[in-house]
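Undergrad: the following block contains a protein sequence and its predicted model.
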Amino acid sequence: MTPATDVLARAIEVIRIEAQAVAALEQRIGPEFALAVETLAGCRGKVIVSGVGKSGLMAQKLAATFTSTGTPSVFLHPADARHGDAGLFAPGEVALFISKSGATDELLSLMPYLERHGLPLVSIVVQPGSPLALRSTAALVLGPVAEACPLDLTPTTSITLTQVIGDCLAIALMERRGFQAEDFRFLHPGGVIGRSAARPVSELMHAGEALPCVGENTSLRDVMLEIMNKRLGMTAVVDGAGRLSGVITDGDFKRILLRQPDPWALRAADVMSRTPSLIGPDALVASAVRQMEERERGPITALIVVDDIHAPVGVLHLHDCLRAG
């Protein structure tokens, strides 16, 4: 073969090797990937992404992708961590470490910081059974992998797989948080709610004692008092098991007083709306604002926040979103 033919053949071979490795990655997507997504989605602060060498470059790229798609993240070089930047590790953060060997000394030296604050660790590694994988809450193991490098030394295929699995995480988190194309405009500091758009609903919602909530059998008088005391213009209504049954707003209350000859004999279940607008605690503030503004039956100013068993855990008000921005 001529030199030019040689070069083309080698390029095609690299493409073939890496394409086959990416296709085989489908078989590695399973419960551990789902656990990684849930761990990252549960982050109440920043995802701290770290790696060394080419893995470090991939870590920088992944941190940028996460941040631009609604998961606030920051890249931390392990060397900088030893010179003061370990202060990034704090309660509420989640760590994501990238390493081909899974035995990188610089990353393993950061483990005491994670353990001190009880931070979960998600790792992307090539070598199964590596020290980093064994110490991770969720380990995404990509190998064994044959590098496209003819010496099987230079990270090539492994780096491609790392980027693909990182993109898988980013897209899964986007969908998990309800992030859509319209939300990108909110992430710009000049948007309606600026940087608060990427925060989860759980950070701004009224929860605990501040959550307006009554039972189905609550008298209309006590419903009125709950709405007045919590000052959010509405209250959730729950059944005997604590699951959401409906919602009553101050607007509903005024209409009832005008239409009913004896409204005080009514109970919450008699007057509540059974189709309230809902959102999850991990959804983005930007997504919540869009849902309030684009509601089919007309804009509203508050959403009931429910958990996995449909129990109310908070109320998010539009005014809180705007003030946070």
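TA: Right, received. Where do you want to start? These figures come from a predicted structure and were not determined experimentally.

Undergrad: got the buried residues for stretch 23-35?
TA: 25, 32-33, 35 (16 or more other CB atoms under 10 Å). Yep, even glycine has a C-beta here, placed from its N, CA and C like the rest.

Undergrad: which residues sit against that stretch?
TA: Contact with stretch 23-35 is made by 137-142, 161, 164-165, 168-169, 172, as judged by CB atoms under 8 Å, 6 or more residues apart in numbering.

Undergrad: swap in 7 Å and give it another go.
TA: The contact list for stretch 23-35, computed with CB atoms under 7 Å, 6 or more residues apart in numbering, reads 138-140, 142, 161, 164-165.

Undergrad: columns secondary structure, distance to T69 and pLDDT on top of the buried residues of stretch 23-35, output as TSV?
TA: Shown next, in TSV, are the buried residues of stretch 23-35 (DSSP: H, G, I helix; E, B strand; the rest coil; distance: CB to CB, whole Å; pLDDT from 0 to 100):
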residue	secondary structure	distance to T69	pLDDT
L25	helix	20	88
E32	helix	22	94
F33	helix	17	95
L35	helix	20	96
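
Undergrad: ok so, going back, which of the contacts of stretch 23-35 tops the neighbour count?
TA: L140 (27 neighbours; other CB atoms under 10 Å).

Undergrad: looks to me like V49 is in a helix.
TA: No: counting by DSSP: H, G, I helix; E, B strand; the rest coil, V49 is not part of a helix but strand.

Undergrad: that one and T156, how far apart?
TA: To T156, V49 is 21 Å away according to CB to CB, to the nearest Å.

Undergrad: what do you get for I309?
TA: Distance from I309 to T156, by CB to CB: 47 Å.

Undergrad: compare those two (neighbour count), which wins?
TA: Neighbour tally, I309 and T156, criterion other CB under 10 Å: the higher count belongs to T156, 20 against 9.

Undergrad: which residues does the closest residue to the more buried one other than its chain neighbours contact?
TA: Nearest-residue entry for T156: A148, 4.1 Å, with adjacent residues in sequence omitted and distances by CB to CB, 6 or more residues apart in numbering. Neighbouring residues of A148 by CB under 7 Å, 6+ apart: 14, 17-18, 156-157.

Undergrad: do L108 as well
TA: Taking CB under 7 Å, 6+ apart, one finds 131-132 in contact with L108.

Undergrad: try 6 Å this time
TA: Residues counted as contacts of L108 (CB atoms under 6 Å, 6 or more residues apart in numbering): none.

Undergrad: helices and strands around the strand or helix carrying H319, which ones?
TA: Assessed by DSSP states H and E, H319 sits inside helix 318-324. If contacts are counted by 3 or more CB pairs under 6 Å, 6 or more residues apart in numbering; DSSP states H and E, helix 318-324 sits against helix 285-293.

Undergrad: and the helix it packs on, average pLDDT?
TA: Mean pLDDT, helix 285-293: 84.

Undergrad: what's the first helix or strand after that helix?
TA: Assigned by DSSP H and E, the successor of helix 285-293 is strand 302-306.

Undergrad: could you check how far A95 is from I279?
TA: 28 Å.

Undergrad: related to what we said a few turns ago, from the chain's centre, how far out does the helix holding H319 sit?
TA: Chain-centre distance of helix 318-324: 20 Å, with CA atoms, centre = their mean, to the nearest Å.

Undergrad: quick check: buried residues in it?
TA: 318, 320-321.

Undergrad: likewise for stretch 88-97?
TA: For stretch 88-97, by 16+ other CB under 10 Å, it's 88-89, 93-97.

Undergrad: using CSV, write out every CA atom in it.
TA: What follows is stretch 88-97, C-alpha atoms only, in CSV (Å, rounded to 0.1, in the frame of the first residue of the first chain):
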residue,chain,number,x,y,z
LEU,A,88,-15.0,22.8,47.6
PHE,A,89,-15.9,19.5,49.3
ALA,A,90,-18.8,20.4,51.7
PRO,A,91,-22.0,18.7,52.8
GLY,A,92,-24.5,18.5,50.0
GLU,A,93,-22.0,18.1,47.2
VAL,A,94,-21.4,15.0,45.1
ALA,A,95,-18.1,13.9,43.7
LEU,A,96,-17.6,12.4,40.2
PHE,A,97,-14.1,11.1,39.5
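
Undergrad: which residues touch it?
TA: Contacts of stretch 88-97 (CB under 6 Å, 6+ apart): 40, 43-50, 76, 107, 113-114, 117, 119-123.
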